[in-house]
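Trainee: Next comes the sequence, and after it the predicted model I'd like to discuss.
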Amino acid sequence: MDYKYYTAVCFDTLNEAAQFSQSCLSPHTGEDAATQYMYPVGFTDTEKYAVVVYDLNTLSQADILKVTIQKISTDFIPLH
Amino acid sequence: MQTPFGNTPNTTNYNTYGAAIGSGEGFVLDRVAGAKMAVSVRKLSQGYSGNYARIRRASDNLESDITTPYGGFISPQAAVSDGSGLQGWLSGADGAGVRWYDQSGAAAHLTQNTAANQFLLRFGFTGNRTAFAGKPLSDYQWVYPASTGNYLFGANKQFCFHFVVKTNVVGGSDFGMFYHIASVNDLVRGMILRVVGSGSGYKAGFVGGDLNATVNMSTVSVFDNTRPHHILFCYDGTVNTSWTDRLTVYVDGIASPMAASFQTGPFPAPLTQPVTIPRVWAPYTAITNSGLSEAILWDRLLTQTEISFLTQNTRKAYGL
């Protein structure tokens, strides 16, 4: 399993991570859009769930303060 | 260097190529029947009237289906749901692949719900044809429906998997066109069909097993990574002489001998379905650009006549 360093926001559960990724996807105007998540979710080397943030500018100022550099498996978790 | 709109697409309808039936003319799914999953940037059967792909544009996250190909292919002039042209709807930006519709009738669509993992639609990527391709510094992947596993895993399974791929992998990296494994140390449960970098090109590779027995094999030949190839894996799980005897791989229509680089455990052994989600795996480590234009699965072995047709048809369609 490969790990790389990413900027990310960590969560205790997959559900919380998925919800955060979902909240980043805006504006979302498609009526029946299939895309639900903005960023992928992976496992850190300490087995926490982490949302990999590619573009800090899409986050609120409060969320930017939660971003840390994490070592994350490149085999991201597929979200449905 | 490919740019999204930098190449003029070849708009000649592919099924007008060729002189006669038998020389590659016609639609693939009409002449090689029984596919269980078939996604492509081209129309694959005369009777197909569904959508081709769903794409998202980044400017407003709107999604639209590509409804009508142009000259038989997804091209800049193809139409989207509101009737406008694809290139205009995207306003010159990249489209991101949300869903790649199955043309086989089995509703085995490929999906990717996470924006950052979506492949980008690249015109003129595979020869003059379109592909869904990755770009640097990301990890893009299609998710296959779980139904594909039913055709691949278990005792005595036979299947053929065909891809049109362009990738610039080199030694030290690989691109998994079908990636469905769970692993425990050196043991693998499931299967990967991939191209694996070797020197300045790549080999076609197969990894499979059931956690008791594992094999990792790839072609002896190394293929040029500067141009697209079509690759056909034919697996016959009823053969009990060796792993290498079970698999025949055709690259651009030529059977390419396989050599096992790693093998452990008893043989014969089945491929066993892992409890993981199958996908196209493009780890961004060392990969700068990999893309697929077509992927078709049959749950049977193809005849030599069908393989010959598929080869000629694909070469004509993509200019390989």
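Mentor: Happy to help now that I have it.

Trainee: which SS state does the most centrally placed residue in chain A fall under?
Mentor: The residue lying closest to the centre of chain A (C-alpha atoms, centre = their mean) is A:Val51, at 2.0 Å. What DSSP: H, G, I helix; E, B strand; the rest coil gives for A:Val51 is strand.

Trainee: and it, what is it in contact with?
Mentor: Counting by C-beta atoms under 8 Å, 6 or more residues apart in numbering or on different chains, A:Val51 touches A:8-9, A:11, A:17, A:20-21, A:24, A:39-41. From N, CA and C alone the C-beta is placed, and that goes for glycine too.

Trainee: Show me those that map onto strands.
Mentor: Cross-referencing the contacts of A:Val51 against strands under DSSP state E gives A:8-9, A:11, A:41.

Trainee: Can you pull the residues of chain A lying near chain B?
Mentor: A:2, A:4, A:21, A:25-30, A:32-41, A:52, A:54, A:74-76, A:78-80 (C-beta under 8 Å from any C-beta of the partner chain).

Trainee: Can you say which of those are buried?
Mentor: Among the residues of chain A next to chain B, those classed as buried by 16 or more other C-beta atoms under 10 Å in any protein chain shown are A:21, A:25, A:28, A:30, A:33, A:35-41, A:52, A:74-76, A:78-79.

Trainee: isn't B:Thr126 right next to B:Pro228, touching?
Mentor: Yes. B:Thr126 lies in contact with B:Pro228 (C-beta atoms under 8 Å); the separation is 4.3 Å.

Trainee: what sits in contact with each of these two?
Mentor: The contact lists of B:Thr126 and B:Pro228 share B:164-166, B:293, B:318, where a contact means C-beta under 8 Å, 6+ apart.

Trainee: Just give me the closest of those to B:Ile74.
Mentor: B:Ile74 has its nearest neighbour among the shared contacts of B:Thr126 and B:Pro228 in B:Ser293, at 9.0 Å by C-beta to C-beta.

Trainee: isn't that closest one right up against B:His229?
Mentor: No. The pair B:Ser293 / B:His229 is not scored as a contact, 10.9 Å apart, by C-beta under 8 Å.

Trainee: who has more neighbours, those two?
Mentor: A direct count of neighbours by other C-beta atoms under 10 Å in any protein chain shown for B:Ser293 and B:His229 places B:Ser293 higher, at 28 against 21.

Trainee: If I look at that one, what pLDDT would I see?
Mentor: Note on B:Ser293: pLDDT of 96.

Trainee: before we move on, the earlier item: for the residue nearest to the centre of chain A, give me the pLDDT.
Mentor: A:Val51 is assigned 96 on the pLDDT scale.

Trainee: same check, this time on the one 10 residues further on
Mentor: Taken from the predicted model, the pLDDT recorded for A:Gln61 is 94.

Trainee: Same question for B:Asp299.
Mentor: 97.

Trainee: what do you get for B:Val170?
Mentor: We have a pLDDT of 87 for B:Val170.

Trainee: so it sits right up against B:Val195, yeah?
Mentor: No. With contacts counted by C-beta under 8 Å, B:Val170 stays clear of B:Val195, the gap being 10.8 Å.

Trainee: shared neighbours of these two, which are they?
Mentor: Counting by C-beta under 8 Å, 6+ apart, the contacts common to B:Val170 and B:Val195 are B:Tyr202.

Trainee: the more surrounded of the two?
Mentor: The residue with more neighbours, out of B:Val170 and B:Val195, is B:Val195; 27 against 16, by other C-beta under 10 Å.

Trainee: where does the more buried one land in three-state SS?
Mentor: Under three-state DSSP, B:Val195 comes out as strand.

Trainee: so it makes contact with B:Thr219?
Mentor: No. Taking contacts as C-beta under 8 Å, B:Val195 lies outside contact range of B:Thr219: 9.4 Å.

Trainee: Which residues are in contact with each of the two?
Mentor: Residues touching both B:Val195 and B:Thr219 (C-beta under 8 Å, 6+ apart): B:203-205.
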